[in-house]
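> sequence? don't have it. structure:
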């Protein structure tokens, strides 16, 4: 078990800066992120993009900013659990929090700071009535983990992006019958993949249904039939299927955080702007994941929130202890 | 109407149009402007073409819009139910050429 003062969910720029602000107050941090590396969307999505609104830096590359933040936090020896997602959060009476990841890692902390940015990227689900009743092993999946489980079965894939094309090509040889449904009449994916899919359709290895959408799903206990509707003629086609895999990309979601009884407003966590605390004492939310009047989703605002949060967290952990703020220009940064 | 402003029409659920006066000299995207007008747009990703919650259907003035970037095209391409005239409002920076643009919130993509 990992034990720390502050558990920070999310290792993006704001979570990383919180290490420094907490460190100045002698509080230790442990960060958890679902991505395999620190930096959040800066490292994952736009590492080479310049950022122009970091105070003091006319321009800085996203990855450079993350590297600098890591350097800045180093004296305070933060811990990291990467590639894991926090699933459970429990408060032990009036005392510590216990966080559990999807891999079973347990982190105990006095304070929890949610710096989760956009949240976690989860598969986007199409609006098809009754789809959920076939989730969890009854025929509908939103990602393919083990292609072998589909061997010899009847499958419908829906979607037109690269992953729909790639899986269609791969699974054409594995499954008994494969139908690909796409809402448009053409694909924009990698030309090589598009050509392969077209060739598979021409040779009859797959059943390609274009200009069509999923209309409904049915079956008793498990998925048996997928109804597909043509966009223009509204003609309906029924396809017998053991599996339906809608592949419509990923969208950012709060995920398990939504179940923690925090006040949520439009997929963001409501906070008190005095200290960025949530409705649960000991839990704070900073950066893009929180919301308040006039909220700006800017890194620099997240930095400010991290500073105020740290001072409040110190008071929460040390009730009654008087603390006078010290400037780094006077005291420097003392490692611990 | 103030100089540097344009009219944007938004079709409501009942089919009626609401006309909004939008500034073109503030560097706002259509997403930011619609959000500022209290339209129900999540814009989870803050304008990075990553979440598609700001998707709009362009009813008039499609030809006045900037071309799609690869990111926007790739995102629209993966969505389950967008229309040929759907765009991501976060990728449309307000400019004088957009005078008279008519859009409808696509909805249902959160």
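Received it, and whenever you're ready, just let me know what you need. Since the model is a prediction, treat every value here as computed from it, not as a measurement. Numbers count the residues shown, from 1 in each chain, chains lettered A, B, ... in the order given.
> Residue B:55 reaches residue B:83, doesn't it?
No - here residue B:55 lies out of contact with residue B:83, judged by CB atoms under 8 Å, at a distance of 9.5 Å. C-beta: built from backbone N, CA, C; applies to glycine.
> What are the buried residues along the longest helix anywhere in chain B?
The helix that spans the most residues within chain B, counting by DSSP state H, is helix B:70-78. Buried positions in helix B:70-78, judged by neighbour count with 16 or more other CB atoms under 10 Å in any protein chain shown: B:72, B:74, B:75, B:76, B:77, B:78.
> How about stretch A:253-267?
Neighbour-count burial for stretch A:253-267 flags A:253, A:254, A:255, A:256, A:257, A:260, A:262, A:264, A:267 (criterion: 16+ other CB under 10 Å).
> Between residue B:55 and residue B:83, which contacts overlap?
Here residue B:55 and residue B:83 have residue B:106 as joint contacts, going by CB atoms under 8 Å, 6 or more residues apart in numbering or on different chains.
> who has more neighbours, the two?
Ranked by neighbour count (other CB atoms under 10 Å in any protein chain shown), residue B:55 and residue B:83 place residue B:55 first, with 24 against 15.
> who's in contact with the more buried one?
By CB under 8 Å, 6+ apart, residue B:55 lies in contact with B:76, B:79, B:82, B:86, B:87, B:88, B:89, B:105, B:106, B:107, B:109.
> ok, for it, nearest residue in space, not its chain neighbours?
The shortest distance from residue B:55 to any non-neighbouring residue, by CB to CB, 6 or more residues apart in numbering or on different chains, is to residue B:106 (3.8 Å).
> repeat for residue A:42
residue A:62 (3.9 Å).
> my guess is the one you found meets residue A:48, correct?
Yes - if you go by CB under 8 Å, residue A:62 and residue A:48 touch, sitting 7.1 Å apart.
> More neighbours: the two, which one.
When neighbours are counted by other CB under 10 Å, residue A:62 and residue A:48 differ, and residue A:62 comes out ahead with 22 against 8.
> Tell me the spacing between that one and chain B.
Using CB to the nearest CB, to the nearest Å, residue A:62 is found at 12 Å from chain B.
> Quick check: phi and psi on the residue positioned nearest the centre of chain A?
Nearest residue to the geometric centre of chain A (CA atoms, centre = their mean): residue A:120, 0.9 Å. With angles defined as degrees, to the nearest 10, residue A:120 sits at phi -100, psi 150.
> so what's it up against?
With contact set as CB under 8 Å, 6+ apart, residue A:120 has these partners: A:34, A:85, A:252, A:253, A:254, A:255.
> who touches the spatially most central residue of chain B in this structure?
In chain B, the residue lying closest to the centroid (CA atoms, centre = their mean) is residue B:89, at 3.1 Å. When contacts are counted by CB under 8 Å, 6+ apart, residue B:89 touches B:29, B:30, B:31, B:34, B:41, B:54, B:55, B:56, B:103.
> Give me the subset of those lying in helices.
B:30, B:31, B:34.
> Number of residues surrounding the second one?
When you say that, I think you mean residue B:31. Counted by other CB under 10 Å, the residues lying close to residue B:31 total 24.
> what does stretch A:304-321 rub up against?
A:5-6, A:14, A:17-18, A:21-22, A:24-25, A:27, A:110-111, A:113, A:115, A:274-277, A:281-282, A:284, A:286-287, A:290, A:323, A:325.
> Produce a ChimeraX select command limited to the buried residues of those residues.
This is the ChimeraX syntax for the buried subset of the contacts of stretch A:304-321, where burial follows 16+ other CB under 10 Å:
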select /A:5,6,14,17,18,21,22,24,25,27,110,111,113,115,275,276,277,282,284,286,287,290
